[in-house]
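# Sequence and predicted structure below; questions after.
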Amino acid sequence: MAWTPVLLMLLSHCAGSLSQPVLTQPPSLSASPGTTARLTCTLSSGFNVGSYYINWFQQKPGSPPRYLLYYYSDSDKHQGPGVPSRFSGSKDASANAGLLLISGPQPEDEADYYCATGYGSGSSFGYSQ
């Protein structure tokens, strides 16, 4: 029992020392039907987007966030249940950013979008309207 506080303190110190990227998203984006909306999630300097899973979520007013997809590579990606195929993920290595692409955006796609990175057991979050 005496070891419990020491163990918890050690675990919290170790978890807190793991460096995570800061994610930056543009505050807003407008897109027209027939175009492709391109939402970016840029990782801070010193972190390589190629090493991270990029998760995307959509939130509409009065509703909880909805998982859309994750993207790591063309061979390692996942579309959430019921998410239309017009939503897809990608990466732009030159910009060190994850991308959410909405092909032919619809009026119902107007929402807030969140990105989150995953690497091992760590995660970071970004947000844009």
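Alright, I've got the coordinates.

# Could you list everything the spatially most central residue of the chain pairs with in the sheet?
Nearest to the mean C-alpha position of the chain, by C-alpha atoms, centre = their mean, lies residue 115 at 2.3 Å. Beta-bridge partners of residue 115, counted by DSSP bridges, are residue 56, residue 126.

# Correct me if wrong: it contacts residue 24.
No: look at residue 115 against residue 24 with C-beta atoms under 8 Å: they stay out of range, at 9.6 Å. (C-beta placed from N, C-alpha, C; glycine too.)

# Compute the number of surrounding residues for residue 91.
19 (other C-beta atoms under 10 Å).

# do the one 10 residues further on as well
Each residue near residue 101 was counted by other C-beta under 10 Å, and the total is 15.

# show me the contacts for it.
Residue 101 is in contact with 36-39, 87-90, counting by C-beta atoms under 8 Å, 6 or more residues apart in numbering.

# tell me which of those is nearest to residue 96?
residue 90 (13.2 Å; C-beta to C-beta).

# what lines up beside whatever helix or strand the closest one lives in in the sheet?
Taking DSSP states H and E as the definition, one finds residue 90 inside strand 87-92. Strand pairing for strand 87-92, determined by DSSP bridges: strand 97-103 (antiparallel).

# what comes up buried for the partner strand?
Within strand 97-103, the residues scored as buried using 16 or more other C-beta atoms under 10 Å are 97-100, 102.

# State the mean pLDDT of it.
Mean pLDDT, strand 97-103: 97.

# That concludes my questions; thank you for your assistance.
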